[in-house]
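Enquirer: Build me a model from this:
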Amino acid sequence: MTDAARRPLRIVLAEDSVLLREGLVRLFDEAGFETVGSYGDADALLAEIDAIAPDLAVLDVRMPPTYRDEGVRAAIELRRRHPKLGVLLLSQYVEGTYAHELLSSGEGGMGYLLKDRVASLDELEDAVQRVSEGGTVLDPQVVRELLSRRSDPLESLTPREREVMALMAEGRTNAGIAKELFIGVGAVEKNVTSIFQKLGLEDSGTDHRRVLAVLTWLQHEVSG
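Expert: Residues are numbered from 1 along each chain as shown. You can find the predicted model right below:
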C-alpha cells in the first residue's frame, strides 16, 4: 500500500459560520479525514492553498465580503491552480446558476451539496470520497433544478420576480418598484439579485446588468 493510500484524506475548509465550520471539522475527524486548514473566507484559503497542498477543498458558496458567489469564484480559481484538486461546494439554497457554472467544464472532482445534506455523516463521507476520487456529486435538489431549465431563462423567474422585472423594464428604480408593489426596498434588491443570477448576468464590472436584464425581458415580450 502506498503512503498516499495509507494517509487520511487532507481537507481544507472555508465557511464563514463558526459553528458550522467547527461542526464540519468534527464530522471530517469522525470520518477519518484530516482538516489541514479551516478559514472564515475564501481569500484566506486562497492565500495558503499552494503551501498546504490538500486533496479536497470544501467551500461555502456565499462568504464575506459580499455573500454572493465568493465560494464559486474561489472554486474556479482553485481548479485553475490545481486541476486535480477536488472541490465540494456547500449552499444553503439551490442555486442552479452557480452549479451550472462550476460544472460547465465537464471535469470531474466536483460536488455541490445543500447544507442540510451534511447533517448525515454517511452522506457527507460518501460525497467527500467520491469527489476526491474524481467523481461528480450533486444534491438531488440541484439536479432537479438543472433538469428543469428551459431554453427561455425567464421561465425560471417567480411571479414576484416577473413583476419586478416588468417594472425594471419601465425604467423604475428599486425605490420606485418598492413603492409600486408595496414592499420594502430590501425585498426588491433581493429579487433583482435573484433575477441577475437566474439570467446568468454576472457582475463583470463593465456591463450594466440591469440594462442586460431589461433587454432579455423585452426580447421575450417581443418574441412572445
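
Enquirer: What segments of the chain are strands?
Expert: 10-14, 34-39, 56-60, 86-91, 110-114, 136-138 (DSSP state E).

Enquirer: Just give me the lowest mean pLDDT stretch among those strands.
Expert: Between those, the lowest average pLDDT goes to strand 136-138, which shows a mean of 78.

Enquirer: and stretch 52-71, C-alpha only, in PDB?
Expert: Taking Å, rounded to 0.1, in the frame of the first residue of the first chain, the C-alpha atoms of stretch 52-71 are listed here in PDB:
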ATOM      1  CA  ILE A  52      -0.900  23.200   2.100                       C
ATOM      2  CA  ALA A  53      -1.500  21.000  -1.000                       C
ATOM      3  CA  PRO A  54      -4.700  19.300   0.200                       C
ATOM      4  CA  ASP A  55      -6.700  16.600  -1.600                       C
ATOM      5  CA  LEU A  56     -10.000  18.400  -1.300                       C
ATOM      6  CA  ALA A  57     -11.400  21.900  -0.700                       C
ATOM      7  CA  VAL A  58     -14.800  22.300   0.800                       C
ATOM      8  CA  LEU A  59     -16.300  25.800   0.400                       C
ATOM      9  CA  ASP A  60     -19.500  27.700   1.300                       C
ATOM     10  CA  VAL A  61     -21.000  29.300  -1.900                       C
ATOM     11  CA  ARG A  62     -21.600  32.600  -0.100                       C
ATOM     12  CA  MET A  63     -19.000  34.200   2.100                       C
ATOM     13  CA  PRO A  64     -17.600  37.600   3.000                       C
ATOM     14  CA  PRO A  65     -17.400  40.300   1.900                       C
ATOM     15  CA  THR A  66     -20.400  40.300  -0.400                       C
ATOM     16  CA  TYR A  67     -22.100  37.000   0.500                       C
ATOM     17  CA  ARG A  68     -22.800  36.400  -3.200                       C
ATOM     18  CA  ASP A  69     -20.600  33.900  -5.000                       C
ATOM     19  CA  GLU A  70     -17.200  34.000  -3.300                       C
ATOM     20  CA  GLY A  71     -17.100  30.200  -3.000                       C
END
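
Enquirer: now the strands of the chain as TSV including mean neighbour count?
Expert: No exception for glycine: its C-beta is placed from N, CA and C like everyone else's. Below are the strands of the chain laid out as TSV (neighbours: other CB atoms under 10 Å):
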stretch	mean neighbour count
strand 10-14	23
strand 34-39	18
strand 56-60	26
strand 86-91	25
strand 110-114	23
strand 136-138	18
